[in-house]
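1. dropping a prediction and its sequence here:
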Amino acid sequence: MSNFKYHYNPKTCQYERARWDVKEILWYVAGLVTLGLVFCGAMIFAHDSLIESETERMLRAENQVLEKHKPVLEEQLATVEATLVSLKEDDKALYTKVFNSELPQAETSASTLSKEKILLADAAAFKDMMEILKSKSDALRKTSLKSNAFFGSTTHITKDQFDIMGSIPSTQPVANTQLDLLVSGFGERINPFHKGNYKHPGVDFAAARGTEVSATANGRVVTVSKTSLQAGYGNYIDVDHGHGFVTRYAHLEEIKVQRGQDVSKGTVIGTVGSSGGSTAPHLHYEVIRDGEPVDPARYLMEGLSSAQHMKLLKLSSKQNQSLD
């Protein structure tokens, strides 16, 4: 059946086919365009929903892998950060034990990765972060292996070496937190009696009479000498620490140990006095290594920072008059 429209013409007394006007044509075209757009949209939606291209398939699989490994990456990052903190603490502790000072603070740079960055990253950025983390993890593993190898082999301490370290007289024989009690050092000094130069075989700590004197390392008392003569060392103690180290504590007022007694580092063995050839109460302290007196100040490092030890050495190096 025809869809054409007709209207009656009174002039010709006939029905004539109606012609399209512009408005009807525009509506007709608009309807066709709308229908075409709807059809195309439906086709595209159906294509995207039902048909998957090779590229989409690869991207979907990659996203699934990234989503699966995201928690793993977060866990690895947390482990790496915890390991770094632990290594820094171990490094600080080792530095303090070896050098008796605080570890120098290096400038720290901002971390290249953070949990917030990871959680907000898109697939591409997330993949880059995985590469960064892998690189950091590899570098950390190599550093750890090198450090473990170094401390495990190069700096390995044998039992004999450990015993030698325990024999080194490394503490001060009297409490000297301000370091100013060391008034005369080792080497050529002025004799307080004849005013001539002589070799002072130890260091002098000026302290009040009765101040406690402690052993500077583990050892055994080998000499206990008491005398009333106003000359020489007066009352003094020798402690043998083994491995060639002997320490001497002279001009004591009171002796609190006996010959043959084992003492530990820090054990009180006597008190400061002015016995023997002494001009004032003080402790004359010597370190004898393999039978020869050596500078005790060079061994007095335990409990001191590098700056404090340098100050002690500076005080010891002053050319002045000794107290004995």
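-> All right, it came through fine. Numbering: from 1, shown residues only.

2. straight-line length of stretch 295-310, end to end?
-> 14 Å (C-alpha to C-alpha, to the nearest Å).

3. quick one: residues in contact with it.
-> 99-102, 168-172, 179, 182, 185-187, 202-203, 216, 247, 285-287, 312-313, 316 (C-beta atoms under 8 Å, 6 or more residues apart in numbering). For every residue, glycine as well, the C-beta is placed using N, CA and C.

4. now for Arg298, how many residues are close by?
-> Residues contacting Arg298 under the criterion other C-beta atoms under 10 Å number 13.

5. er, Glu81 actually
-> Neighbours of Glu81 under the rule other C-beta under 10 Å: 15.

6. list the buried ones in stretch 268-280?
-> Residues Ile269, Gly270, Thr271, Val272, Gly273, Ser274, Ser275, Gly276, Gly277, Ser278 are the ones in stretch 268-280 that count as buried (16 or more other C-beta atoms under 10 Å).

7. mind listing the strands the helix or strand harbouring Val221 pairs with, and their directions?
-> Using DSSP states H and E, Val221 sits in strand 219-225. Counting by DSSP bridges, the strands paired with strand 219-225 are strand 235-242 (antiparallel), strand 262-263 (antiparallel).

8. what segments of the stretch 51-200 of the chain are helices?
-> 54-99, 115-120, 123-149, 159-167 (DSSP state H, counting those that start in this stretch).

9. do I have it right that His251 meets Thr279?
-> No: counting by C-beta atoms under 8 Å, His251 stays clear of Thr279, with 9.9 Å between them.

10. export the helices of the stretch 51-200 of the chain to CSV and tack on distance to Leu35 and mean pLDDT?
-> As requested, the helices of the stretch 51-200 of the chain are arranged in CSV below (distance: least, C-beta to C-beta, whole Å; pLDDT from 0 to 100):
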stretch, distance to Leu35, mean pLDDT
helix 54-99, 29, 73
helix 115-120, 44, 54
helix 123-149, 38, 69
helix 159-167, 94, 75
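
11. out of those, which comes closest to Pro192?
-> The closest of the helices of the stretch 51-200 of the chain to Pro192 is helix 159-167. By C-beta to C-beta, the value is 32.5 Å.

12. so what does that closest one touch, helix or strand wise?
-> Packing partners of helix 159-167 (3 or more C-beta pairs under 8 Å, 6 or more residues apart in numbering; DSSP states H and E): strand 235-242.

13. other residues contacting the strand it packs on?
-> Against strand 235-242 from outside (C-beta under 8 Å, 6+ apart): 163, 167-169, 215, 217-227, 246-255, 257, 263, 269-270, 273, 275-276, 284.

14. ok so, going back, nearest to Ala231, of the buried residues of stretch 268-280?
-> Gly277 (4.6 Å).

15. distance of that closest one relative to Gln230?
-> Distance, Gly277 to Gln230, by C-beta to C-beta, to the nearest Å: 7 Å.
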